[in-house]
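Engineer: Quick check, what structure comes out for this input:
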Amino acid sequence: MSLDVEKLYRRYGDMVLGRCRSLLGNDAEAQDAMQEVFLKVHRYQDSFRGEASPTTYLFKVTTTTCLNRMRTRRRKPEELYDEPPPIQVEDTMLTATATRDLLSQVMELADEGTQQAILFLFVDGGAHREVGEVLGVSAAAIRKRIATFRNRLKNNPPPWLQEVDW
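Structural biologist: Residues are numbered from 1 along each chain as shown. Down below sits the predicted model:
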């Protein structure tokens, strides 16, 4: 099954851009990431198997792309000159400050699968079952990833973790 990338871009481009903004916190980088997402979808359009909806597929590609950019940013910090200030995104389950704290902790302490699970659960407000479907694992596997991550933070939990009912 091949994807109509142009149609996906017209229909879901704003959704992808919003996701990039909420994860990256920078409009210019979000624009670049959105373009990268659709280039990846175009490049691999013939490998789309139709096991998930196109929006679920886009959501996963977007999240993975943004996490990879964040990893690169941590490995190779650059001084950004004349960069506009980050955009405050308030359409998540957590405040902007809590989201930045979460992303910082996640990038340091979690593997890629756990990073995605935490973002889908706490930033997007998904349920364990829904997150499992997006990531291709069971709800129990999502719960285990979260419990392992929480255990790593138990000696010095951030405020957002103390407030969340797991």
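Engineer: you'd agree A52 is up against V134?
Structural biologist: Yes - under the criterion of CB atoms under 8 Å, A52 makes contact with V134 at 7.3 Å. From N, CA and C alone the C-beta is placed, and that goes for glycine too.
Engineer: Identify the contacts common to those two.
Structural biologist: K60 (CB atoms under 8 Å, 6 or more residues apart in numbering).
Engineer: of the two, who's got more company?
Structural biologist: A direct count of neighbours by other CB atoms under 10 Å for A52 and V134 places V134 higher, at 19 against 15.
Engineer: name the element that one belongs to?
Structural biologist: Assigned by DSSP states H and E, V134 belongs to helix 128-135.
Engineer: any idea how far the next helix or strand after that helix is from the chain center?
Structural biologist: Later in the chain than helix 128-135, the nearest helix or strand by DSSP H and E is helix 139-153. Here helix 139-153 shows a centroid-to-chain-centroid distance of 17 Å under the convention CA atoms, centre = their mean, to the nearest Å.
Engineer: heads up, I number from 294, so please use that
Structural biologist: Yes, from this point I'll number from 294; that puts the last item at helix 432-446.
Engineer: Distance check, the residue nearest the centre of the chain against L428.
Structural biologist: The centre of the chain sits closest to T356, judged by CA atoms, centre = their mean, with a distance of 3.4 Å. For T356, the distance to L428 equals 9 Å [CB to CB, to the nearest Å].
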